[in-house]
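In: Here is a sequence together with a model predicted from it:
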Amino acid sequence: MRKMFPFLLAAALLTGCSGGSETAELTNANSVDIVGDTLTLSPTSNIAPRLVYGIVSDTAFTATLTTTGVVTAIPSSYAEVAAPFAGRVVRSLVRMGQTVKAGTPLFEISSSDYAEVVKNYIQSKSEMDMAKRALDRTQDLHDNKVASAKELDEAKTAYTLALEEYRHAVAVAKEYQINLTTAEVGQPMVVRSPISGRVLSNSLVIGEYLKEDADAKVVVADLDKVWVTANVSEMDAPYVDGIQDVEVSLVARPDSTVRGHVAYVGGILDAETRTVQTIIECNNPRHLMLPNMYAQVRMHIQNRHSIVIPKSAVLQGDKSRYVLRKIDDNRYVRTAVEVQSIDEHSLRVLKGLNVGDEIIMEGAIYLN
């Protein structure tokens, strides 16, 4: 169905000492013919001079994404060290801020559970050695026709079982970082650092009894490099892939800027915040960036190509945003578009327009 109606501007524009006469002039002089999504402007309309057209093209653009982030230690360079067994703290071997290497002793505990593990290891090793010697003797007797094949099979079976017990004991000891060359029943257990780094926390109390599920008592981290975890909005997430130039400013040190690069872009969207977790890796040789510090993050997008149009070209419909694409003299069609903001003036077109399309760049609001 075709409809003819006079073009009306908002009633609010009809008032005011300066804009009233201009609005009345436009209202009386214009009409728009609408068929579906096609709009035809009357040839006598004085809106036409107010419309600015442009042909869309593949345009190079730059943009900056700004968000907030939190400094975190890199997981592979961070360790919360707890006592592997229940026991009493005998000695603390490190101080706060001390630099340690992987394997450095941190503290000692006296633990009956630890003693049991060491005892099982020593016993299983002894039984494995005995079974091996028995097997060697039986093999020699069998070779000299003294021992039967059954006796040899029994010796092999005994050795196999003893070997499995020994391997299990070794695995348990290694799991708890027990030094098997020096371990002895009755000695306290030495808890060692699993990584190289600096001691960030040490809450050990000499004589304190630690339960098996006690919280970590020593925290070691290598902060030469850190992560800044930032949440990027759903609309900006497509920009992040491939960004290398990132600036990070600590809230505590607003005058200092640290360069970083995008190390990881999350593979899932947070349903509540509608953001994607993005991890920026930064060098931190002076250890100024500490875990849990807040930061401002600026990601610079350069040398990207896309269809870019001014925000004035885009109108908001009931279901989606659209532009008015020119199809003939004074004839336009509403064309739905998906866009992303580049800056306060420009939008990147993700879907809806092709290179070479001619649209109303400015003044489309008059035909809304």
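Out: That came through fine.
In: From here on, just use CA atoms for contacts and neighbour counts.
Out: Will do.
In: now V333, which residues is it bridged with?
Out: With DSSP bridges as the criterion, V333 is bridged to T38, R325.
In: Now do the same contact list for it.
Out: Contact analysis of V333 by CA atoms under 8 Å, 6 or more residues apart in numbering lists D37, T38, L39, L324, R325, K326, I327.
In: try A313
Out: Going by CA under 8 Å, 6+ apart, A313 touches V323, L324, I359, I360, M361, E362, G363, A364.
In: Export those residues to TSV and append columns for pLDDT.
Out: Conversion of the contacts of A313 to TSV gives the following (pLDDT from 0 to 100):
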residue	pLDDT
V323	95
L324	95
I359	95
I360	94
M361	95
E362	93
G363	89
A364	88
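In: is it true that G352 touches T335?
Out: Yes. G352 is within contact range of T335, at 6.7 Å (criterion: CA atoms under 8 Å).
In: hey, where'd the helices end up in the protein?
Out: Here the chain has its helices, by DSSP state H, at 20-29, 112-143, 149-175, 237-240.
In: do you know how far the nearest residue to E362 once chain neighbours are set aside is from N303?
Out: Distances taken as CA to CA, 6 or more residues apart in numbering put V52 closest to E362, at 5.0 Å, once the chain neighbours are dropped. Distance of V52 to N303, computed by CA to CA, to the nearest Å: 27 Å.
In: is the closest residue to G207 other than its chain neighbours in a bridge, and if so with what?
Out: Nearest residue to G207, sequence neighbours excluded (CA to CA, 6+ apart): V89, at 5.1 Å. V89 forms beta bridges with I109, as assigned by DSSP bridges.
In: got the contact list for V89?
Out: Here V89 is in contact with F107, E108, I109, S110, L204, V205, I206, G207, E208, Y209, L210 (CA under 8 Å, 6+ apart).
In: ok, those residues vs T68, which is closest?
Out: Proximity of the contacts of V89 to T68 (CA to CA) peaks at L204, which lies at 35.1 Å.
In: Quick one: residues contacting the closest residue to that closest one other than its chain neighbours.
Out: Among residues not flanking L204 along the chain, K217 sits closest, at 5.8 Å (CA to CA, 6+ apart). When contacts are counted by CA under 8 Å, 6+ apart, K217 touches E80, V81, A82, A83, S201, N202, S203, L204.
In: what stretches of the stretch 1-150 of the chain score poorly on pLDDT?
Out: The model of the stretch 1-150 of the chain has pLDDT under 70 over residues 1-30.
In: Please repeat the previous calculation with a cut-off of 90.
Out: The stretch 1-150 of the chain contains residues with pLDDT under 90 at 1-37, 39-50, 59-66, 84, 145.
In: Run through the residues that contact E165.
Out: Going by CA under 8 Å, 6+ apart, E165 touches S124, M128.
In: quick one: contacts of stretch 304-312?
Out: Contacts for stretch 304-312 (CA under 8 Å, 6+ apart): 56-62, 345-350, 353-355, 361-365.
In: from those residues, which would you call buried?
Out: Buried members of the contacts of stretch 304-312, scored by 16 or more other CA atoms under 10 Å, are 56-57, 61, 346-349, 353, 361-365.
In: which two in the residues you listed are spaced the farthest apart?
Out: Most distant of the buried ones among the contacts of stretch 304-312, by CA to CA, are F61 and I365, 25.4 Å apart.
In: residues contacting L180?
Out: A173.
In: For T104, give me phi and psi.
Out: Dihedral pair for T104: phi -70, psi 130, per degrees, to the nearest 10.
In: which ones are touching it?
Out: Counted by CA under 8 Å, 6+ apart, T104 has contacts R192, S193.
In: And it, how far from G197?
Out: In terms of CA to CA, T104 sits 10 Å off from G197.
In: same deal with K351?
Out: From K351 to G197 the distance is 49 Å (CA to CA).
In: higher neighbour count, those two?
Out: Neighbour count, other CA atoms under 10 Å: between K351 and G197, G197 has more, with 22 against 11.
In: who does that one bridge with?
Out: The partner residues for G197, given DSSP bridges, come to V100.
In: Could I get the contacting residues of the residue nearest to N292 when sequence neighbours are not counted?
Out: Distances taken as CA to CA, 6+ apart place V71 nearest to N292, at 5.1 Å, with adjacent residues excluded. Counting by CA under 8 Å, 6+ apart, V71 makes contact with V226, W227, V228, T229, M289, L290, P291, N292, M293, Y294, A295.
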